[in-house]
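Novice: The following block contains a protein sequence and its predicted model.
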Amino acid sequence: TRSRSMYARGGSSVPADHKDVPDVSLSFSPQAGSLPNGCSLNPLVPGYRLGSLQYYKSKFPDAVKHLGTLVGNIGSAVEIWNGIEAAAVSIGYHKDYQRNYSPGETDFTADVIQMRQAGVRMLYFVSADSHTISRVLNTAAQQNWHPDLIAVGAGDAAYDPSFIPEAGAAAEGVYADQPHAAFFNPTDAVIPGVKLYQEWMGKIGQSNHEDLYSAWGWGSARLAVQALKAAGPKLTRASWLAAQKNVHTFDGDGMFAPSDPAGKKPSTCYVVLQVTRAQWVRKDTPASSFRCDAPYFYYKK
């Protein structure tokens, strides 16, 4: 298992050159996700789960017609957004503002002013880090701009222990749709996979790092072990790879939305969270499972 960077388009060149080596990691680009030796706990396929978008439309039918977004100007994030936008437009969303910002930018005042002038009523973040999201929200508050809906998807960086303390009062009411449980919430410890993750993060003294990166690493390791067990006691690289190609169901004991890693099929399920009284809480979502109420929109350029 390994980690990947969006800046390297998923680091797909190394496993692409060594297709006999099993690669269990979360893919951040379609190029990496399509490799035959790759195995991701939630395969990245151009498009998006329609359930999340339909949920926001049902709650904010007018706001989704005035969408604004800020997208990190790095290859994979832009690709991810293109798929999400196509899915959103297919069910009636309309985009009023978009800017692809450069990594390291810290001043988003001009964006906030332009979004307000453009009549943006829904602000949707995609593949943005929690620090950037916090800066934008605090800038919006300073400019007295309050869109009807602020939400985060596809990258889920706002669901991070540092987000609410950093964003402060500006975080209140923010939504997130994500393909995994609320893994650092004590209430989600009723889910076996989350309970085990939290226990071991505590045992190794890393409870303050119960973030996306540790969760993705944990999930990738569990996916690798699932394939290793199926490969049998006489393990070879070839037997591991063969077993990996037969893993068609993975959910990490409930920690992740069920997906088909071998079939390269992403999950259609998700959890909705909202910041309420300075805490992330499940919103219109079962206490220990996922919403699975719409198909996946497959985007073709």
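Specialist: Thanks, I have the structure now.
Novice: roughly how far apart are the residue of the chain most remote from its centre and Leu228?
Specialist: Relative to the centre of the chain, the most outlying C-alpha is that of Lys234, 36.0 Å out, by CA atoms, centre = their mean. Computed as CB to CB, to the nearest Å, the Lys234 to Leu228 distance reads 12 Å. Where you see a C-beta, it was placed from the backbone N, CA and C, and this is true even at glycine.
Novice: swap in Ile133?
Specialist: For Ile133, the distance to Leu228 equals 37 Å [CB to CB].
Novice: which residue ranges form the helices in the stretch 201-301 of the chain?
Specialist: 212-231, 237-244 (DSSP state H, counting those that start in this stretch).
Novice: Show me the contact partners of the shortest one.
Specialist: Contact partners of helix 237-244, identified using CB atoms under 8 Å, 6 or more residues apart in numbering, comprise 20-22, 24, 37, 39, 227-228, 230-232, 261-262.
Novice: hmm, 6 Å instead?
Specialist: Applying CB atoms under 6 Å, 6 or more residues apart in numbering, the external contacts of helix 237-244 come out as Pro22, Cys39, Ala227, Ala230, Ala231.
Novice: so how far is Phe250 from the fourth one?
Specialist: Using CB to CB, Ala230 is found at 12 Å from Phe250.
Novice: repeat for the last one
Specialist: Counting by CB to CB, the gap between Ala231 and Phe250 amounts to 15 Å.
Novice: go on, the second one?
Specialist: Relative to Phe250, Cys39 is positioned 9 Å away (CB to CB).
Novice: ranges for the strands of the stretch 201-301 of the chain?
Specialist: Per DSSP state E, counting those that start in this stretch, the stretch 201-301 of the chain carries strands over the ranges 271-275, 280-282, 296-298.
Novice: With mean neighbour count as new columns, can these be given to me in JSON lines?
Specialist: Converted to JSON lines, the strands of the stretch 201-301 of the chain look like this (neighbours: other CB atoms under 10 Å):
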{"stretch": "strand 271-275", "mean neighbour count": "22"}
{"stretch": "strand 280-282", "mean neighbour count": "19"}
{"stretch": "strand 296-298", "mean neighbour count": "17"}
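Novice: Tabulate those (CSV), appending distance to Ser29 and mean pLDDT.
Specialist: Output for those, formatted as CSV (distance: least, CB to CB, whole Å; pLDDT from 0 to 100):
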stretch, distance to Ser29, mean pLDDT
strand 271-275, 24, 97
strand 280-282, 28, 98
strand 296-298, 16, 97
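Novice: Among the ones you listed, which comes closest to Leu53?
Specialist: Of all those, strand 296-298 sits nearest to Leu53, with 8.2 Å by CB to CB.
Novice: what does the closest one contact?
Specialist: Applying CB under 6 Å, 6+ apart, the contact partners of strand 296-298 are Gly47, Tyr48, Arg49, Leu50, Ala87, Ser90, Pro266, Thr268.
Novice: Need those residues in a markdown table (columns: pLDDT).
Specialist: Supplementary listing: the contacts of strand 296-298 in a markdown table, determined by pLDDT from 0 to 100:
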| residue | pLDDT |
| --- | --- |
| Gly47 | 95 |
| Tyr48 | 96 |
| Arg49 | 96 |
| Leu50 | 98 |
| Ala87 | 98 |
| Ser90 | 98 |
| Pro266 | 94 |
| Thr268 | 97 |
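Novice: Of the residues you listed, which belong to strands?
Specialist: If you go by DSSP state E, the contacts of strand 296-298 have Gly47, Tyr48, Arg49 in strands.
Novice: list the contacts for the spatially closest residue to the last one that is not a sequence neighbour?
Specialist: Read that as Arg49. Nearest residue to Arg49, sequence neighbours excluded (CB to CB, 6 or more residues apart in numbering): Thr268, at 5.1 Å. Applying CB under 6 Å, 6+ apart to Thr268 gives the contacts Arg49, Pro295, Tyr296.
Novice: Any chance of those residues in CSV with distance to Gly83 as columns?
Specialist: Formatted as CSV, the contacts of Thr268 follow (distance: CB to CB, whole Å):
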residue, distance to Gly83
Arg49, 11
Pro295, 14
Tyr296, 10
